[in-house]
Each structure stands twice: as structure tokens, then as C-alpha cells.
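Student: Show me how the following folds:
(chains A and B)
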Amino acid sequence: MALTDTLTRWRYRLVPDHLVGEVLSKRWIDNAIPLLILLAVVCAFSFAMPDFFGPSSISDLTRQWGEFSLLVLALMIVMVAGGIDLSIGSTFALGNIVALALIAVAGWPMWAVVLGTLACGAAVGLVNGLLVGYLRLRAFLTTLVTLIIVRAVVDMLLLNYSVAIASTFIDSDSWYYPGEGSVFGVPFSVVLTIILAIIIHLVFSRSRIGWQVLATGGSRRSAHNVGIPVRRVVCATYVVSGVLAALSGLLFASRLGGAGADTGVGLEIMALTAAVLGGNSLGGGRGSAAKAIIGSITAMIMVNGLIRMGVPAGANSLMLGLVLFTAVAIDVRWIKNLHKVVSKVYVSPAYASLPKPPGTDSYSPYAVNDKLAPVTLIGLGEIDGPEDIILDDDDNIYTGNRTGDVIRFFAPDYKQHEVYAHVGGRPLGLAFDKNGDLLVCIGGMGLYRVTKDREIEKLTDETNRSWLSVIDDSRLRLADDLDVALDGRVFFSEATVRYEMHEWPVDGLESRGNGRIICYDPSSKSTHTVLRNLKFPNGICMAHDGQSFFFAETWACTVSRYWFDGPKKGTVETVIPDLPGYPDNINRASDGTFWLALVGIRTPSLDLALKMPGFRRRMARRIAPDEWLYPNINTGCIVRFDATGTILDVMWDRGGENHPMITSMREHKGYLYIGGILNNRIGKLKLKSADKSWTGLASYWGQS
Amino acid sequence: MIGAIMNAIDNFFGRGESAVTVPPLDGALKPNRILDDTDKRYPLEDVDCLAESGRKLFATSGRTVCVLGPKDRWTSLCKVDADITCIAPIGKEGLGIALASGDIVVHGGAEDGKRFRAAPDVNCITAMIEKDGVLYLANGSASNASEDWQRDLLQRNASGSIWRIGLSNGRSELLTDGLAWPAGIAIDEKGLVVSESWKHRLIRLDPFEPKHTETLYHDLPAYPGRLSASPKGWWLAAFAPRSQLVEFVLREPGYCARMLEDIPKDYWVSPKLQSGRSFYEPLQGGGVKHLGQLKPWAPTMSAGLCVELDGNFQPVSGLHSRADGVTHGITSVVELNGTVYAASRGHGVVVRVPVEPAGSRS
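Tutor: Next comes the predicted model:
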């Protein structure tokens, strides 16, 4: 078995399974398949025609591409908002003829020609936008109708002006520049397209209107419900689409200088193919400028390549149709199945071999007893999930609950309680700072402070992003427990960066080092990560030397010590390497030692499963979470240890009557107060040999 | 070859044989708390098998056979020299006692004091029934003792057999083998009915053509055990519930083998007669106590279930003790004088439940 275990350990150490799920859950993964198709197309054509990507061919291709990708961008913008614009081909032709007519027949100056042409496109877009956005007509039919009408207008203009256009020589350098000019050797149309693509990308990814467009396309109803002016947004996308199509027509006019009946015929289908090939979803909500660019390059290469290979015109269209068909099918399947794949592969258990646990029989320091039996109960049935407990100088108890409140029980009898502050999230670890303000770690939110005037202030909800992390680990997902150093720095644990608060069992199933310890410095108001790759770091407690703290790693079943100052600065030492259970919070005891809560006890069946990651992975996929093998958190205990890691005392609730699981305990004036995150009571236990005047506050900040 | 490939594909996707499904407790088996709610409880340590003979109730406890006296007290009837695996009435007055050694001793009646044995290697007798001078035996496994039923399940064995012994001449005959832990046996006019535990089903076999079997009730949500006759049909004791986790573990030979080797039996992931005794036992997600309570619907390795069957061995209703109950591991049910007695081996108690009209419980 040892050999298999070694092999398994190396297998799971060397292959980072968890990255697959992380990569697949990124938004940019939608670009992966379009990019692969593009590379395949480039390889195929450069193999079939060695000179296809030669300099002369490239320069010709790129000019066409500039115009074409403007159309694709136009279509993409409409598609992202959930619509479709079939009239772009006609608008392109309209832009072409209008530009030619204005420069050649009307003799307008160049700037006026540009404005006039764009206004024409905008007008067509506005008609579409009004009909589709405000009157709620079907986008497909409406733009099909405008396609026909605009085409008819173009035909009439051709009838009237084509002779005049053809017979006029345009004597204007500025007219020819857009079509034939270059910027540092790059065709003008390409530069223009790239600039526009960047602008569109920035708008979509970083501006309010861009987000509104994406939201509208993603779910029109929800967008409306959150107050987005859905109709105006949809209308605007058609206007922008019309303008871009007309601009493309202008570039075409400037390059070729001629107008014919077949200008722009079928372009909408080619642009649609390109847009879908790039991965822009027909259903709306998913799309980007990058996808439009990738798709347009792919489509351009294919169409031109096929023509150059001498494929007859009909077959060419057939090929394009087939490609569109395939792309749509892939698009639908991808969107439908991506989240399923992610949910299957995201959970990736690691190999975790825990040391042999010490027993709990009568010879063991952890021998089972009933020392917690004489506990008296506070707030039975009135408090839902007191994860951590703290007491102030007036002996009032503060604790968080499941519904996001900090509750205060009033001394001396603790019969009355009030909502001290509603902070939201899931309040977990608590600590008082030097001023007597209450610091709270809130699961799902971050590190907060509740001042004595009950004002709630956010201290931090983000830290520095790690360079090599695929998922964005800058946000705090599960701030768990904290403690304050003498200089006011707050050290707190974040249990996991891969899962949300309520998904902690999944993190346990993985048993990878997904957690970290973070430091918040109030003097500079800065936050930085101190320790990474910890297995569910949980309790944190300052040692008495003022230079180090103890921290518990729940899934590793260890307690370690970290020095943040002094000669041993930066080192970590394991203090207790082999706990029989899963450690939670650590707090100071009155005699200079430390209390440690064990939330549950290790079971042999789970310890074995930890050495078999494949077993756990299949378990996560095959059976419901309620049926999973869990750490046994139905029985916990309280342990007292000293700075060397010696176990001094253990207190059990043998039958699990009052405290089946224990997540924290706090000593105060000769009593121990006990809490559990899934419990509905706080226990109060008289300690026999404790200092009756000792309080945590005085121990940290001196007599106040 | 194709079968192996299909199995590998099924295993990858979790389909077919690899699909971990357990039928829900619904319909006739809708859960209730009847076994826990009754106040007629007669504690008897390690009670296993019940039998009715001469309108008296007998129960086994270790090496002792007890009888329920007039004041609802257990009195010792006889003691034998090995652990008792099951008992069954023989004739009008007698009681057959099967021992863990494989011997069957008759106590009382016409055959008093006789000893029978099916074969030298038959020593896991889980159930017996006598009719017309012929004793039918169910031998749970060829390789494991009856106390080792969890090991037999986790090894995915199917080595159980059915035997017939003529009481007059002591001649024994193998009827059929290759059964997955036959744990209950009944006789009706069409033949023998056997509960095949590890395949969660009741099958009928013809004593004259024993290789021909017919499935009567398949895919039970629990492991079926002993059967007994009732005026309206039959009672089936289901000694442990099936669970998704166990079904999954059964499909993980690597984990199973290491668990059997390295971990003490009490802490296995396997069905049990009683669970939650130690914090070293496995815990499942739904079994975590919330607000100080264990939910009755929590996934559990042990529960109490007696199934009332009609004359065609179809379920009519059930008597339950759920995850948070105190009457787990029902190994035997007997109906006597209009009341049902169920032996909860898990909690060491026999409970008495009045019989109600069929189907009225749900």
C-alpha cells in the first residue's frame, strides 16, 4: 500500500487538476474554441497554398478585412444585446453609394461626406432600433424588411447617380486616403478597425453602457427589473450598428470608387458566420470585440482561400453555410454544457495523508470525559449559530448569528439580548481592538469594524492578487477568524479562496491548501497576504511574546505558530502536528496557555478516503452532498495546550447533549463560554482553577 | 471485451451499473415512527431471532433462548453451547435452534434432543422453516459467519445456499446456491420464497426445480431479512437501510479492500444494526446535527423497518424507526395473537405494535 500511496501522492502533487475547473470557469474560455478554429484554418490554408500568406496577398486581404470586420463588429454589438441585424449588408451598400454620390455628384468636402454617410447609416439603424427596441417587433423580420427596403433605395440611387458617379473624376487626396492610405505601413482601414475594436472592448468591459448592453442580452427581463432602460439600450445598439456598417461602406467606396447592384449582397450572412464563428452567442449576453475579430479573420481567410483555390461560387456559399451551421451547433452545445462540465471538474480532491491520530482512551491525553456536562445554557433556542463569542469589560456577550447580526446578551444573567449591529453576511471571528471597537470577520464580506457607537465600517474586503492564480483571489470569500497584534495590525484567516462560505464541505473534500492568512495594517490601511496554501486556516490567537501568533489548520488537523516580527520573523513552526480532530478557534487562557476548540473528530473511514483522491472525486460526482462522507463534526471537544504544544486538559460532552460541535470558547472571569456554528445555545462553564479576575481584554490591552 | 469497455465507460460517467441509486421510502413504505412510538418495549440484550410456537413467543439472545412470560418478562428456556444464529418452530411443540457451529438442535416436541447438520461447511444459517417434516435452511455465505454479514456484503459475495433436511432420516440436500446472502425463508403454496439481501429482493424458487427462480419484489430500499407468516400475508424484517454512500463504496473495490483491512469493523462505511454509538463512525453530510438536533431524514447506516407484505409478497405498509429513532436493526418480526412483535437487535429490545387494518397506517 505504501508504494501506491507514494505514487498517488506524486500524481496529485505533479498534476494540478484544480486548474482545469478554474480555467473553464473563466469568462475568456469562450474564446478558446474560436481561436482553435482560427489556428486550424490558418494551418490548413498555408498548407494548401504556400503563398497564401505572402506579402502581396496579405496587404490585399487586410484591406478587405478592415471593412469586413467593421461589419462583424456592428453585428456583434446587436447580437450581444440579444438582437440580430440582417440589414448591415444593405446599409453597407447604402453607405457606399451615398459617399460616392456626396463626393462625386454633390461635391461635398471630405469631412461633410463622412458625416453625411454616417448619418445615413445612423438613420437606418434608428429605424431598426425604434421598431425593434421600442415597438418590440421581431428583430429577425424587422431587419429583413429593412434589408429589402434599403436595398431598394440603393437600387433607385444607383439608377439616378451611377452614370454621374462613374463619369466624375474625384480630385481629392483625402477621399482616397481611407481606402488606400497606410499608417506606418499598415492599411488605414485596419488601423481604424483595431482602434474601434479596442474602444468597443473597453466600452463592453469597463463602462456602464457596455454592461447594460451585456445585461440586456443576457436576460432582458432581469435587466429591466434592475432598472436598465432596456428599450433605449436595444435601440442604441442598432444605431451603432448602422453607423459602423455605413463607415465600412465608406471605406469600400474610397478603395474601389465604384457602385454596382451587387455591392454588399450576401455580406450579412458572411458577417453572421464570422460573428458566430468567433463565439458570439446568437442568444445574446456573450460576445466581445475580440471574438468578432477572431471570427472575422477566420471567415475572411476561408472565403478568400476558397475563391483562390478555384472553388466555384455556388460551392463557396455552400461551404460558408455549412460552417455557419456547425458554428451555431457548437455555440448552442457549448453554452448549454459548459457549466455542467465545470461543475463536474471543478471539485478536484488532493492527496492528504494525516498522521496517525492519538487515541481517546483513558491513557491518552485526549481521554473522553464528561467535563462539559455541568454547563449552563445561554440563549437556548434564541441564537442561531454562535460561531465565536467575546465578552466586554461589562461582561456582556457578543456573538454573530446566521442571519448576519452581531447579537449582544446583557450581563449578568444573559436573559435579555439585542441586535447590537446588523452587519450582513455571516459574522464569524470576533476581537476587540485597543479602542474597544469590535472587529468582525464576516464570511462572504471581509473584515469589518463595529465601533462603540455601533457604526459599521469596512476595513478591507480584498488583498493583493497572486500572480500565478487562475481564479481571481483578490476578493475575500471566507474571512474566518482574526486577532490583533500589539501595534494594531489585524491578522485574519481566509479559510478558502476556491469556495463560498456555504461550500466549506467541498473544500474539506478537496483537502488542498486553498486557504491563507492575511494581514490588515490600519496605519496604512493596506492589506496583504502573509501565508498561502494552508488547509482551511481557522483560529488565530496572538502568543504572549507579541511577535507571533498560533493558527489552526482545520483539514490538516494541526496547530502552527507564525512569527511576524522579531528574530524568527517569517518562520512557521508546527506546534501540534497530530490532533485527533479538526481544530477551530484558538483563544487565550488565564494561566498563559491557550484554549483550542475541536469542531469534530477524525474518523478512520475519512482518513482513508483522504489518501484516495480519486475515490473522493467520484463520490463528489456520483452522490448528493447530504450523502457524502463528512468529517465527524457531531462530536467536538475543548483542548488546552501550552506554547510548546503540550496538551494540558481536554473537556468533552460525551453524549453531545449540549455541544455536539464546538467552534469556539472564550474564558472570562473564571468562566468558559462555548459556541458552535450549527448550535442554538451558548454554554457557560465554571472553571475550577482559573483566575477569577482575568479577562481577555485586559490580557491584550492591559487594565482598562 | 465489449462488456468490459462498456463497464469502464459506465464507471467513468457513473451510469448503468455504476449509477448509485436507492429507491426512496415512499408509497407503501412511507416513513412513520410506529416502532419508536409504541410504549410496549421488552428489553432483551442482543435479541436476534423471534419465533412463535404453541402461541408463545420465543427469542434468542446470545446462547440463550428466552420465552416471553405472562407478565411480559423474559424467562430463559434453554442454553446451548454456541451462539444461536436463528430459531424456528418444528412440529407443534418443538423449536429448532441453529448454532454458529452449523449444528441444529431441536428443543421439545417429537424430535426433542435430535441434532442435524446440512453439510460440514454450512455454518452460517440465517433462517429456517419447517413444513411436513422437512426443514429448509438458508445459509448466508460459504465463506463468512453470520456475524460477519457486513464483510460478506463489502466483499460483494454471492455464495449463499438453500438446503433441505428430512427430519425423519436426517438426510440433507442442497437445493440451490450462488445466492447473495439469503437471510429469510418462507413457504407458500407455490414454493419457497427467499429474501436475497445483497440483491435487495425476494425471490421464489420451486423446491423441485430449484434453479428456476422468479423475482417477486425487487429493489427494496433496505436489506431484506427474515420472513414470517401473518394471517393476511407476510412480515419481512429489513435489518438495515440501503444508502447511496454504501452503494457507492460497494462500487469502489480499492477503497473497500483497504477499509476491510485497515479499519476496525465498527467504523466501516457499511450498513449497521445500530449507528452513532462512537464518534469514530463515519458521518454523512445530512447527519450533521443542526441546532442540537439530528434530523429524522438524515442519511443513516442503521434504521428500523418491518414491511407488511400481502399474499403475493407485495408491500402494503411499513413500521419504521428513522435515523433519530431508538429501534434500529430489526432482525425478526412475528405476528402473534393480533399483535406484531419486532426484535430490534441494534437497540436490544423487542417492541410490540398492535395490528391495524392493512394500509390504514399511511
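Student: Mind jotting down where the helices sit in chain B?
Tutor: B:2-13, B:34-37, B:149-154, B:244-250, B:253-262 (DSSP state H).
Student: mind giving me TSV with the ones you listed and columns for mean neighbour count and mean pLDDT?
Tutor: All C-beta spots, glycine's among them, are computed from the backbone N, C-alpha and C. Formatted as TSV, the helices of chain B follow (neighbours: other CB atoms under 10 Å in any protein chain shown; pLDDT from 0 to 100):
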stretch	mean neighbour count	mean pLDDT
helix B:2-13	11	81
helix B:34-37	21	93
helix B:149-154	22	96
helix B:244-250	22	94
helix B:253-262	16	94
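Student: so does the helix or strand where A:Tyr12 lies get close to chain B?
Tutor: Using DSSP states H and E, the element containing A:Tyr12 is helix A:2-14. No - using CB under 8 Å from any CB of the partner chain, helix A:2-14 stays clear of chain B, with a minimum separation of 8.6 Å.
Student: any idea of the mean pLDDT in that helix?
Tutor: What helix A:2-14 shows for mean pLDDT is 86.
Student: Mind giving me the packing neighbours of the helix or strand just after it?
Tutor: Later in the chain than helix A:2-14, the nearest helix or strand by DSSP H and E is helix A:18-24. In terms of contacts (3 or more CB pairs under 8 Å, 6 or more residues apart in numbering or on different chains; DSSP states H and E), helix A:18-24 is packed against helix A:313-345.
Student: So which bits of the helix it packs on are buried?
Tutor: Across helix A:313-345, burial judged by 16 or more other CB atoms under 10 Å in any protein chain shown covers A:316-317, A:320, A:323-324, A:327-328, A:330-331, A:334-335, A:342, A:344-345.
Student: ok, back up a step: roughly how far out does the helix holding A:Tyr12 sit from the chain middle?
Tutor: Helix A:2-14 sits 32 Å away from the centroid of its parent chain (CA atoms, centre = their mean, to the nearest Å).
Student: and it with helix B:253-262, angle?
Tutor: In terms of direction (axes from the mean of the first three to the mean of the last three CA atoms, to 10 degrees), helix A:2-14 departs from helix B:253-262 by 130 degrees.
Student: Contacts made by helix A:2-14 with the rest, please.
Tutor: A:350-351, A:353, A:611-613 (CB atoms under 8 Å, 6 or more residues apart in numbering or on different chains).
Student: ok, the buried residues of helix A:313-345 vs chain B, which is closest?
Tutor: A:Lys344 (9.8 Å; CB to the nearest CB).
Student: excluding its backbone neighbours, what's nearest that closest one?
Tutor: Leaving aside its chain neighbours, A:Lys344 sits nearest to A:Arg621 (6.1 Å; criterion: CB to CB, 6 or more residues apart in numbering or on different chains).
Student: Thought A:Tyr346 was touching that neighbour, still the case?
Tutor: No - using CB atoms under 8 Å, A:Arg621 is not in contact with A:Tyr346; the gap is 10.7 Å.
Student: Run through the chain and note the low-pLDDT ranges.
Tutor: All of this refers to chain A. A:1, A:703-704 (pLDDT under 70).
Student: wrong chain, I was asking about chain B
Tutor: Judged by pLDDT under 70, the stretches of chain B that qualify are B:357-362.
Student: Any idea how many residues pack against the closest residue to B:Trp235 other than its chain neighbours?
Tutor: Excluding its sequence neighbours, the residue lying closest to B:Trp235 (CB to CB, 6+ apart) is B:Val333, at 4.1 Å. Other residues within reach of B:Val333, judged by other CB atoms under 10 Å in any protein chain shown, total 27.
Student: which stretches of the stretch 1-150 of chain A form helices?
Tutor: A:2-14, A:18-24, A:32-48, A:55-80, A:88-100, A:110-129, A:139-167 (DSSP state H, counting those that start in this stretch).
Student: mind listing what residue 69 touches?
Tutor: In the absence of a named chain, chain A is used. Counting by CB under 8 Å, 6+ apart, A:Ser69 has contacts A:193, A:197, A:274, A:292-293, A:296-297, A:300.
Student: that answer is for a different chain, and I need it for chain B
Tutor: Contact analysis of B:Gly69 by CB under 8 Å, 6+ apart lists B:Thr75.
Student: So which bits of chain A are right by chain B?
Tutor: A:1, A:381, A:384, A:505, A:600-601, A:603-606, A:608-609, A:612, A:615, A:618-619, A:621-635, A:656, A:658, A:660-661, A:678-681.
Student: Let's see that with 7 Å instead.
Tutor: Within chain A, the residues that sit near chain B (CB under 7 Å from any CB of the partner chain) are A:1, A:505, A:601, A:603-606, A:608-609, A:612, A:615, A:619, A:621-630, A:632-635, A:656, A:660, A:678-681.
Student: can you count the residues close to the nearest residue to A:Glu500 once chain neighbours are set aside?
Tutor: Excluding the flanking residues, the one nearest A:Glu500 by CB to CB, 6+ apart is A:Arg477, at 5.9 Å. A:Arg477: 22 surrounding residues under other CB under 10 Å.
Student: and the two most separated of the contacts of A:Ser69?
Tutor: Longest distance between any two of the contacts of A:Ser69 is 14.5 Å, between A:Ala197 and A:Met300; criterion CB to CB.
Student: For the nearest residue to B:Gly304 once chain neighbours are set aside, give me its contacts.
Tutor: Leaving aside its chain neighbours, B:Gly304 sits nearest to B:Ser321 (3.0 Å; criterion: CB to CB, 6+ apart). Counting by CB atoms under 7 Å, 6 or more residues apart in numbering or on different chains, B:Ser321 makes contact with B:33, B:35-36, B:303-304, B:327-328.
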